[in-house]
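**Q** Take a look and give me a structure for this.
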Amino acid sequence: MNTINMKKEIQKKLLDLPTEITTERLVIRKFEKGDGKGLFNLLERNNNREFLKEHVDEATNVQTLEEAEIRECSLAADFINRNRFVMGIWLKETNYFIGNIWIEPKKWEVPSFEIGYYLDQGYTKKGYATEAVKRSMDFIFSKLNAHKIILITRDTNAESIKLAERLNFIEEGHLRECSIEENKRFGLFHYGMLKSEYDKRGE
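**A** Reported below is the predicted structural model:
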């Protein structure tokens, strides 16, 4: 590892990051030992395996409580090592697990990060996703010192498209029919938000 890359790795490890952030209705935090039960229960209810299979590997790869616990411990290790920042979403009043926020470093030298999310089907269309993503954007810009946030969604996902536009992301491209799954073609919308654009929202 050369000196520049070593310096970047040290800077990543020294980031002073909160392990929990909150909104009016939600607690968004790093996973801890024992959180696998929440993930497993989410996958087992509300037809979530079918609902989420297009969007998250867990819907098909996590079949047991043990596998769910291993998955959450792996995500916790990634957070500690600053490889990526995946946090669970819990309802503040009941401590009920309803989904994930996923933050993936794209280019540390920019720095830029991609954000994604998923929710239990029973908790969609209630404003929780918007609330969680909006708060996570603040985390990315203020704590990860990002210059840019990237949001990518399938062009068949109307709700995620609405969320990106609601939060004032800029559409940067549409890759038409670039993928196929179960004999169905779909494209991808690429959205971006610069720190300068985010700051102007408060003006």
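**Q** which residues of this structure score low on pLDDT?
**A** 1-14, 202-203 (pLDDT under 70).
**Q** quick one, helices of it?
**A** For the chain, applying DSSP state H gives helices covering 3-13, 36-44, 48-52, 58-61, 65-80, 128-142, 158-166, 195-200.
**Q** mind checking the end-to-end distance for stretch 134-148?
**A** End-to-end distance of stretch 134-148: 14 Å, with Cα to Cα, to the nearest Å as the criterion.
**Q** Name the residues of that stretch that come out as buried.
**A** Residues of stretch 134-148 classed as buried: 135, 136, 137, 139, 140, 141, 144, 146, 148 (neighbour count, 16 or more other Cβ atoms under 10 Å). Quick note: C-beta positions are derived from backbone N, CA and C, even for glycine.
**Q** now swap in stretch 75-93 and tell me
**A** 75, 76, 78, 79, 82, 85, 86, 87, 88, 89, 90.
**Q** repeat for stretch 195-203
**A** residue 198.
**Q** neighbours around residue 129, how many?
**A** Residues near residue 129, counting by other Cβ atoms under 10 Å, number 23.
**Q** residues touching it, list them.
**A** Contacts for residue 129 (Cβ atoms under 8 Å, 6 or more residues apart in numbering) come out as 99, 117, 119, 159, 163.
**Q** could you redo the last one with a cut-off of 6 Å?
**A** Neighbouring residues of residue 129 by Cβ atoms under 6 Å, 6 or more residues apart in numbering: 117, 119, 163.
**Q** contact partners of stretch 154-168?
**A** Under the criterion Cβ under 6 Å, 6+ apart, residues 129, 130, 151, 153, 186, 187, 189, 191 lie in contact with stretch 154-168.
**Q** which of the residues you listed lies closest to residue 34?
**A** Distance to residue 34 across those (Cβ to Cβ) is lowest for residue 129, with 24.9 Å.
**Q** Can you tell me how far the closest one is from residue 18?
**A** According to Cβ to Cβ, to the nearest Å, residue 129 and residue 18 sit 21 Å apart.
**Q** before we move on, what about residue 67?
**A** 28 Å.
**Q** Which one's more surrounded, these two?
**A** residue 67 (15 against 11).
**Q** Quick check: closest non-adjacent residue to that one.
**A** Distances taken as Cβ to Cβ, 6 or more residues apart in numbering place residue 61 nearest to residue 67, at 7.4 Å, with adjacent residues excluded.
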